[in-house]
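Q: return atomic coordinates for the entry below.
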Amino acid sequence: ITQYTSDGLNGSFLPPEDSEANPLFVIQCALALKTQMAELGREWKIRRGWLHDIELNIGIEAGNEYMTMLPTIFGDNLIPSGDAVQVAACLAQMAANGQIWATKALISQVPANDLKNIRFGIFRNENNHKIFIARSFLRIRELPAVEGCFIDIPENFGVRSVTQIFDRTLQE
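A: Here you go, the predicted model:
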């Protein structure tokens, strides 16, 4: 389920069955979107002489949401509401340059066998050097970009742990 809201998209992924809670397909979708946006950007640079990268910042959170049907002149819109939507929107807003950010709650639901093929982690600044710490998390309130979030978020938002998802490895 996807809807367009001003300068962003809101996508809700519903598992095929209630018993299926593996969010790997959501991560795969985010990585595919990142790849498609990069390809679109390259194409626009070549064909149109476009000077800028085309990027889509993505925030992912796992959660159960309430869905409301809102009739409009364009048809019925299914509107999710709740903490997960707010958290994902704020993570996307804090992301930069096409980054994908996800909560630890989402990552912890991915089976270990699937998770070993996902490259994720945090960059830390130490002595003016960026150091990548693989498979790690950081509280949202410790991220430098948290001040840029203009969405009304719950008070306990800053204590949530998040990580950046980079890509999927081909190791088996």
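
Q: next structured bit after the lowest-mean-pLDDT helix or strand in the chain?
A: Lowest on mean pLDDT, DSSP states H and E among the helices and strands of the chain sits strand 2-5, with a mean of 50. The helix or strand immediately downstream of strand 2-5 is strand 8-11, counting by DSSP states H and E.

Q: that next one - contacts with which helices or strands?
A: strand 2-5, helix 83-94 (3 or more Cβ pairs under 8 Å, 6 or more residues apart in numbering; DSSP states H and E). Every residue, glycine included, has its C-beta placed from N, CA and C.

Q: for Lys45, which non-adjacent residue is spatially closest?
A: Leu51 (7.4 Å; Cβ to Cβ, 6 or more residues apart in numbering).

Q: can you tell me how far the one you found sits from Gly41?
A: As judged by Cβ to Cβ, to the nearest Å, Leu51 and Gly41 stand 10 Å apart.

Q: neighbour count: the two, which is higher?
A: Gly41 (16 against 7; other Cβ atoms under 10 Å).

Q: the more buried one looks like it's in a helix, true?
A: Yes: counting by DSSP: H, G, I helix; E, B strand; the rest coil, Gly41 is located in a helix.

Q: show the pLDDT at the closest residue to Pro80 other than its chain neighbours.
A: Nearest residue to Pro80, sequence neighbours excluded (Cβ to Cβ, 6+ apart): Glu65, at 4.2 Å. You'll see Glu65 listed with a pLDDT of 79.

Q: now do the same contact list for Glu65.
A: Each residue near Glu65 by Cβ atoms under 8 Å, 6 or more residues apart in numbering is listed here: 12, 80-82, 84-85.

Q: neighbours around Pro23, how many?
A: When counting by other Cβ under 10 Å, one arrives at 22 neighbours for Pro23.

Q: how near is Ala84 to Asn64?
A: Distance of Ala84 to Asn64, computed by Cβ to Cβ: 7 Å.

Q: quick one, which of those two is more surrounded?
A: It is Ala84, of Ala84 and Asn64, that has more neighbours when counted by other Cβ under 10 Å, with 19 against 8.

Q: spatially nearest residue to that one, not counting backbone neighbours?
A: Nearest residue to Ala84 in three dimensions, chain neighbours excluded: Gly63, at 2.9 Å (Cβ to Cβ, 6+ apart).

Q: do you know how far the one you found is from Lys45?
A: The gap separating Gly63 from Lys45 is 37 Å, by Cβ to Cβ.

Q: so the residue nearest to Arg141 when sequence neighbours are not counted, which of the three states?
A: Distances taken as Cβ to Cβ, 6+ apart put Gly158 closest to Arg141, at 3.2 Å, once the chain neighbours are dropped. The local conformation at Gly158, judged by three-state DSSP, is helix.
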